[in-house]
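Peer 1: Structure for the following, please:
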Amino acid sequence: MADSRNPGSSDNQGTASPAPAVTRAAAVLDALASSATGRLTLSDLSREVGIPKSSTSNLLLALEEARLISRQGSEFTLGRKLVELGAAYLGRLDEVQEFYRYCEQAPVLSGETVRIAMLDGLNVIYLARYEGHPAVRLTSNIGDKMPVSLCAVGKALIARLHDHDIEELFPDDAELPVLTPKSLRTGAEFKAQLRTIREQGYAFEDEESTTGVVCLAVAVPTRGAHGPSLGLSVTALKATYTPEQGAQMVKELQELAHSLGNPMG
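Peer 2: Take a look at the predicted model:
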């Protein structure tokens with residue numbers, strides 16, 4: 001997945017920020033999270049954040065003392081404190097707790113790989129994953145990001161947006177990220193699928209992010225004006241998937257979505 005960040009932009013953001021040090025610290029964490037190896041040197045991070053090595057070194061020392069990053073020789077990685085913070089965040093999301101409870105007792109979903117994700121710009125972030133089908137392990141894990149055009153849950157969430165917002169985000173000639181031969185490649189192709197999703201009430205992904213894997217997804221009704229934009233998805237192996245199975249999966253996903261979006265009814 002291409003990294004669209006501009007290495008020199010962090011310093012400009014930091015200058016305009018009310019707390020430049022915090023902005024730069026966030027840029028360090030983002031750079032480590034986006035790194036292919038998960039490890040970067042002082043020189044690497046200095047370039048990413050756009051500040052001198054001496055300033056970067058001080059920043060890294062503060063992050064290391066806070067256990068937000070860890071030093072391994074000459075390289076730095078994300079720290080375990082971030083796991084604790086992430087767990088605390090997820091533990092306070094009622095939707096995540098209800099998600100697990102429902103999946104455990106659902107006749108069909110209890111035997112499948114099910115995930116709940118949140119829209120984040122042009123990506124989704126996976127918040128939780130229920131493991132009911134160990135065979136499907138090539139799909140995204142908790143904390144992973146995926147471009148919306150490559151996953152069923154991303155499509156389901158984007159389909160809820162207003163047409164003018166979709167047009168602005170995905171003009172017809174927009175080039176989309178590609179992972180498999182079946183990945184959508186243009187904004188026009190993506191918007192054609194969005195129209196179908198609105199008509200049928202769910203999204204379908206046919207080997208567009210992982211060869212041999214299909215996925216169905218629905219959006220969760222938003223709780224209040226400022227509630228998170230959440231979606232649910234279930235993954236299946238293409239070789240064993242049937243339309244009848246898909247219909248049952250969608251039915252249970254929609255029931256769970258209604259429960260998460262309308263907890264009182």
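Peer 1: got the buried residues for stretch 179-188?
Peer 2: Of the residues in stretch 179-188, 179, 183-184, 186-187 count as buried by neighbour count, 16 or more other CB atoms under 10 Å. In this view, the C-beta of every residue, glycine as well, is placed from N, C-alpha and C.
Peer 1: oh sorry, the question was meant for stretch 141-148
Peer 2: 142, 145-148.
Peer 1: Would you reformat the residues you listed as TSV and include distance to G154?
Peer 2: Formatted as TSV, the buried residues of stretch 141-148 follow (distance: CB to CB, whole Å):
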residue	distance to G154
I142	16
K145	10
M146	6
P147	7
V148	3
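Peer 1: Let me know the closest of those residues to P52.
Peer 2: K145 (29.9 Å; CB to CB).
Peer 1: is that closest one in a bridge, and if so with what?
Peer 2: I125 (DSSP bridges).
Peer 1: if I pick A203, what's in contact with it?
Peer 2: A203 is in contact with 152-153, 155-156, 159, 193, 197, 216-218, counting by CB atoms under 8 Å, 6 or more residues apart in numbering.
Peer 1: what pLDDT does H226 get?
Peer 2: Looking at H226, its pLDDT stands at 52.
Peer 1: Kindly apply the preceding question to R5 instead.
Peer 2: 39.
Peer 1: from the buried residues of stretch 179-188, which ones fall inside helices?
Peer 2: G187 (DSSP state H).
Peer 1: now, the most widely separated pair of the contacts of A203?
Peer 2: Top of the distance list for the contacts of A203 (CB to CB): Q193 and V218, 14.7 Å.
Peer 1: more crowded one of those two?
Peer 2: A direct count of neighbours by other CB atoms under 10 Å for Q193 and V218 places V218 higher, at 26 against 19.
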